[in-house]
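Enquirer: Give me coordinates for this.
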Amino acid sequence: MKKLLSIIFIVLFNFVNAQEIPTTYTLEIDSKYQFRPYIDIEASSIKSQDKTGTCWSFSTSSFLESEIYRLTGKKIDISEMYSVRGTYERKAWNYVMRQGKAQFGEGGLGHDVINSLKTDGLVPESEFSGLIGNQTTHSHSQMVKEIQTILDAYIKNDIDSPYPNWKQTVDELLNENLGTEVNEFVFEGKVYTPKSFLEMTTINPNDYISITSFTHIPFYENFILNIPDNFSNGTYYNVPLDEFNSIAKQVLENGFSIEWDGDVSEKTFSPKYGIAVLPSNIENNTKSLTEIVPEMDVTQEFRQQEFENYNTGDDHLMHIIGIVTDQNGKLYYKIKNSWGTNSNRIGNDGYIYMSESYFKLKSISILIHKNALTQDLKQKLNL
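Expert: Model prediction:
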C-alpha cells in the first residue's frame, strides 16, 4: 500500500502523538527487518498471564479495554481474573452435566469473556486481581487439578467422597485461590455493582461476534465450531478465506481492534524475535526470523487440510492492535501478547508481527465489534 495512505492512517487511528511514532524500527540487533507503523489502535500495556492457561481472558480483556477507550475515551484496567473465576464455575457445571465427557481445564475462548459480561458484569483490576495475600504471579494448575478431583468424585457417585456438595466446595476453592465474588465497589468516587460498571463502560456484549473460515460449513452461515476449548458452544460466522483476511484489515482501518485465536506451534512463530511468518521453503525457517524470505501462498483448501489434520489448533489467543509494513511494503498484523516483557525469550517488547500468510493459515477465528463490518457483509451474515 502507498506510503501516503500509511501516513493518513497513522494520523487517523493512532491515539498518541504522531511525533512519538518512530519512522522505522527493528526487532532485534541481528534482525534485518525494518518496520514502519501503518495503523495503531490504542491499547493497554503488556501483561503476563504467568503460569496459567488464561490467554483467552487476557487477550479479550485487553480487547475490551481498547473498546472502552474507543467508546468513552476512558482508560480502564479491567480484571482478567474476574471473568476467569466465573468461567471456571460455568465450566465445572458443564463438566458435571456432561458426566465428565467434556474438557475441564484452564483454557477458554474469547466469547467466554463476553458470556461473563452478560452474567457477571465487569470490574476493574483494582477490585479483583485474582492474587491472594502476598502473591505476585498467577498459577492455576494445582487449583484446577483439585477442582477436577471434586467433580470426578461427584460424577462417579463415590459414597466415600468428602465432597457431598460440589458447587459449594468449588466455590470455596475459587474464593481461596482467586478471591471472593464482587458485589459492590467504589470506582473514581462512585459506587458500582459489576453490572452497573459494565453499563458505565457502554460495552454491549451483544455487539461482539466471532468470524472464521472453513469449508465444512457453508459460507455466511453461523455455526458451532468444534474445537477443544469451545465448551460453551460459542458460534462463529463463516466466510471465505480471502474475505476473512480482508475483514481483519478493514476492521483495523475502521479504528477497531481484534481479538485473535490461533495456532502458535510453528517454529516460525517466535516470541524471541517478535515475528510470525510462513516461509514457502522450510529451509528458510531460521532465516525468516531475522530477514524477509518468500512466503507461502495459502489457499482455502490447504487451510482446511491443516485444520482437519490437527496442524492448526486453538493454541493461543492474543489482541491485534494494528498493522506495520516492512521495508518492502509488505503488511504484518501488530499483535499484543500476554507473555510479559521481562524474559530473554521475549523480544519486541512483547509484541508479535504476524504476516498475512501466517494469519490466513494459522488463525482459528477473530472476535470483533459487528459495527466494524460493511453494511453489505452485515446483510450477508444477517446481522
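Enquirer: The nearest residue to Val113 once chain neighbours are set aside: what's it in contact with?
Expert: The shortest distance from Val113 to any non-neighbouring residue, by CB to CB, 6 or more residues apart in numbering, is to Thr60 (3.9 Å). For glycine as for every other residue, the C-beta is placed from the backbone atoms N, C-alpha and C. Residues near Thr60 by CB atoms under 8 Å, 6 or more residues apart in numbering: 83, 110, 112-114, 259, 317, 319, 367.
Enquirer: now do 7 Å
Expert: 110, 113, 259, 367 (CB atoms under 7 Å, 6 or more residues apart in numbering).
Enquirer: Which of those fall within strands?
Expert: Using DSSP state E, the subset of these located in strands is 259, 367.
Enquirer: Which of the contacts of Thr60 sits closest to Leu289?
Expert: Comparing the contacts of Thr60 against Leu289 with CB to CB places Glu259 closest, at 25.4 Å.
Enquirer: The closest one touches Phe63, doesn't it?
Expert: Yes: judged on CB atoms under 7 Å, Glu259 makes contact with Phe63 at a distance of 4.2 Å.
Enquirer: Overlap of the contact sets of these two?
Expert: What both Glu259 and Phe63 touch, as defined by CB under 7 Å, 6+ apart, is the set 319, 367.
Enquirer: returning to what we had before: just checking, next helix/strand downstream of the host helix or strand of the residue nearest to Val113?
Expert: Following DSSP states H and E, one finds Thr60 within helix 55-72. Scanning forward in sequence from helix 55-72 by DSSP H and E, the next helix or strand is helix 80-97.
Enquirer: pull the CA atoms of that next one into PDB?
Expert: Provided in PDB are the C-alpha atoms of helix 80-97 (Å, rounded to 0.1, in the frame of the first residue of the first chain):
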ATOM      1  CA  GLU A  80      -8.900 -10.600  33.700                       C
ATOM      2  CA  MET A  81      -9.400 -12.900  36.700                       C
ATOM      3  CA  TYR A  82     -12.900 -11.800  37.400                       C
ATOM      4  CA  SER A  83     -14.000 -13.300  34.100                       C
ATOM      5  CA  VAL A  84     -11.800 -16.300  34.800                       C
ATOM      6  CA  ARG A  85     -13.400 -17.100  38.100                       C
ATOM      7  CA  GLY A  86     -16.900 -17.000  36.700                       C
ATOM      8  CA  THR A  87     -15.900 -19.100  33.700                       C
ATOM      9  CA  TYR A  88     -14.400 -21.800  36.000                       C
ATOM     10  CA  GLU A  89     -17.800 -22.100  37.600                       C
ATOM     11  CA  ARG A  90     -19.600 -22.400  34.300                       C
ATOM     12  CA  LYS A  91     -17.000 -24.900  33.000                       C
ATOM     13  CA  ALA A  92     -17.400 -27.000  36.200                       C
ATOM     14  CA  TRP A  93     -21.200 -27.100  35.700                       C
ATOM     15  CA  ASN A  94     -20.700 -28.100  32.000                       C
ATOM     16  CA  TYR A  95     -18.300 -30.900  33.000                       C
ATOM     17  CA  VAL A  96     -20.700 -32.300  35.600                       C
ATOM     18  CA  MET A  97     -23.700 -32.100  33.400                       C
END
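Enquirer: which residues sit against it?
Expert: The contact list for helix 80-97 (CB under 7 Å, 6+ apart) reads 54, 57-58, 61, 102, 104, 108, 112-113, 116, 119-120, 123, 128-130, 147, 151, 154-155, 166, 170, 174, 178, 182, 231-232.
Enquirer: Just the buried ones from those?
Expert: 54, 57-58, 61, 104, 108, 112-113, 116, 120, 123, 128-130, 147, 151, 154-155, 166, 170, 174, 178, 182, 231-232 (16 or more other CB atoms under 10 Å).
Enquirer: Run through who's touching the helix or strand where Asp242 lies.
Expert: Using DSSP H and E, Asp242 maps to helix 241-253. Residues external to helix 241-253 that are found in contact with it (CB under 7 Å, 6+ apart): 9, 39, 41, 211, 213, 239, 258, 300, 303, 322-323, 333, 356, 359-360, 366, 368, 372-373.
Enquirer: Much appreciated, bye for now.
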